[in-house]
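here is my input, please return the structure:
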Amino acid sequence: ERRIARIEWCGSVECAEKLKEKAGGEIRGERYDIAERPKNSCIVCGREAKKVVYIARAY
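Model prediction:
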């Protein structure tokens, strides 16, 4: 099923690669119309999240 997921991410390349491997999707970007601030830790490593990004598979 085609979906987009909103996640909180620390910004590291290593976490982006692990995310791609485990979730099967890549970071597609962040919203430009509103400033989203992360409230939790990075979904991959648990460190402080620096960005809110959206991931999805490429078709």
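
any weak-confidence spans in the protein?
Applying pLDDT under 70 to the chain picks out residues 1.

where along it do the strands fall?
Using DSSP state E, the strands found in the chain span residues 5-9, 26-29, 51-56.

direction included, what does the shortest one pair against?
Here strand 26-29 has these sheet partners by DSSP bridges: strand 51-56 (antiparallel).

can you list contacts of the strand it pairs with?
For strand 51-56, the external contacting residues (CB atoms under 8 Å, 6 or more residues apart in numbering) are 2-9, 11, 19, 23, 25-31, 36-38. Where you see a C-beta, it was placed from the backbone N, CA and C, and this is true even at glycine.

out of the strands of the chain, which gets nearest to C42?
Across the strands of the chain, C42 has its closest neighbour in strand 5-9 (5.5 Å, CB to CB).

for the residue lying closest to G24 once chain neighbours are set aside, what are its contacts?
The spatial neighbour of G24 that comes closest, neighbours along the chain excluded (CB to CB, 6 or more residues apart in numbering), is R57 at 5.7 Å. By CB under 8 Å, 6+ apart, R57 lies in contact with 2, 24-26.

whichever of the residues you listed end up buried, select them in ChimeraX.
Selection of buried members from these for ChimeraX, criterion 16 or more other CB atoms under 10 Å:
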select :25
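
tally of neighbours for the residue lying closest to I4 once chain neighbours are set aside?
Nearest residue to I4 in three dimensions, chain neighbours excluded: A56, at 4.6 Å (CB to CB, 6+ apart). Counted with other CB atoms under 10 Å, the neighbours of A56 add up to 16.

so where do the helices sit in the protein?
13-23 (DSSP state H).

okay, now G11: neighbour count?
Neighbour tally, G11, other CB under 10 Å: 13.

my guess is it contacts K50. True?
Yes. Here G11 reaches K50: they are 4.5 Å apart, a contact under CB atoms under 8 Å.
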